[in-house]
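**Q** Whatever this is, show me its structure:
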Amino acid sequence: MRPLLLINPNTNSRTTQEMVDIAQRSADPDQLVEGATAASGASLISDSEKLSASEAEVISLARRADPEKYSGIIISAFGDPGLRELQNRLSIPVTGIAEAGIFEAVQDGRRFSIVTTTPDLVSAIGKLVEDYGYADQFAGVRLTEGDVTSVMSQPALLETSLAQACRIAIAEDAAEAIIIGGGPLAVHAAALRTRFAVPIIEPVPAAVRLAVERARVGAKAARREAAVSRRSASGQ
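**A** Alright, predicted model coming up:
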């Protein structure tokens, strides 16, 4: 299997490496994951304006990637900037971490919540869920308390705050699965997974699973097309 390319739409290269490390640990041993970081934009995508601004950089990075080198691309921001355009333009599969997280959360008809840190992205997240067709299973967004930048800069506080938001989602929203909504939250998503009875969905590993499956399906389809072409060429 050719490598996957994980694109971080924010400019924080440390976050890129953290997400790549998590993606690599969740992949099969022979599946490599490489990272690419946005060269311009925000170091933390905390509102709709920054999310929209990141789209051009994501598209640029993805279109510069060699389709012969990679089996697929992962967009690692919880807003999937540029996803639809790239899925329509590129010859290799493109997967968003929000897309993959939602697909896993809704399995078996589960009601799900999204827990995140960014109040200014709540409307965008709701629209994304609706666009993917799962509004009827969506219990809503629960947020960590306090200033986003301050909470994000304190790992222990961030994990505690996320855990509290998860408890509220379960108790008050009847969530049967919870997505930790954010690429930079990937480290804490893994830590929270064992603390709750309901599934805690980690979007980065979910995206790896979906990207690998899409690549395998695409490879099988390509082999079938090649076999048909060979038979046609030989007159069979």
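**Q** Let's test this: name the helix or strand in this structure with the lowest mean pLDDT.
**A** Least confident helix or strand, the chain: helix 203-233 with a mean of 73, by mean pLDDT, DSSP states H and E.
**Q** Can you tell me the closest non-neighbouring residue to the most centrally placed residue in the chain?
**A** Nearest residue to the geometric centre of the chain (Cα atoms, centre = their mean): Ile97, 0.9 Å. Spatial nearest neighbour of Ile97, chain neighbours left out: Pro203 (3.8 Å); criterion: Cβ to Cβ, 6 or more residues apart in numbering. (Each C-beta comes from the backbone N, C-alpha and C, glycine too.)
**Q** just Pro184 next, same as before
**A** Leaving aside its sequence neighbours, Pro184 sits nearest to Thr15 (Cβ to Cβ, 6+ apart; 4.9 Å).
**Q** Please, which helix or strand holds the one you found?
**A** helix 13-26 (DSSP states H and E).
**Q** What residues of that helix count as buried?
**A** Neighbour-count burial for helix 13-26, counted by 16 or more other Cβ atoms under 10 Å, picks out Thr15, Thr16, Glu18, Met19, Val20, Ile22, Ala23, Gln24, Ser26.
**Q** Next one: Gly146 from Pro184, what distance?
**A** Distance of Gly146 to Pro184, computed by Cβ to Cβ, to the nearest Å: 16 Å.
**Q** Between those two, which has more neighbouring residues?
**A** Pro184 (23 against 14; other Cβ atoms under 10 Å).
**Q** unless I'm mixing things up, that one is touching Gln17, no?
**A** No - contact criterion Cβ atoms under 8 Å: Pro184 and Gln17 do not qualify, at 11.6 Å.
**Q** next one: the host helix or strand of Ser113 to chain centre, how far?
**A** Counting by DSSP H and E, the element that carries Ser113 is strand 112-116. Distance, stretch centre to chain centre, for strand 112-116: 14 Å (Cα atoms, centre = their mean, to the nearest Å).
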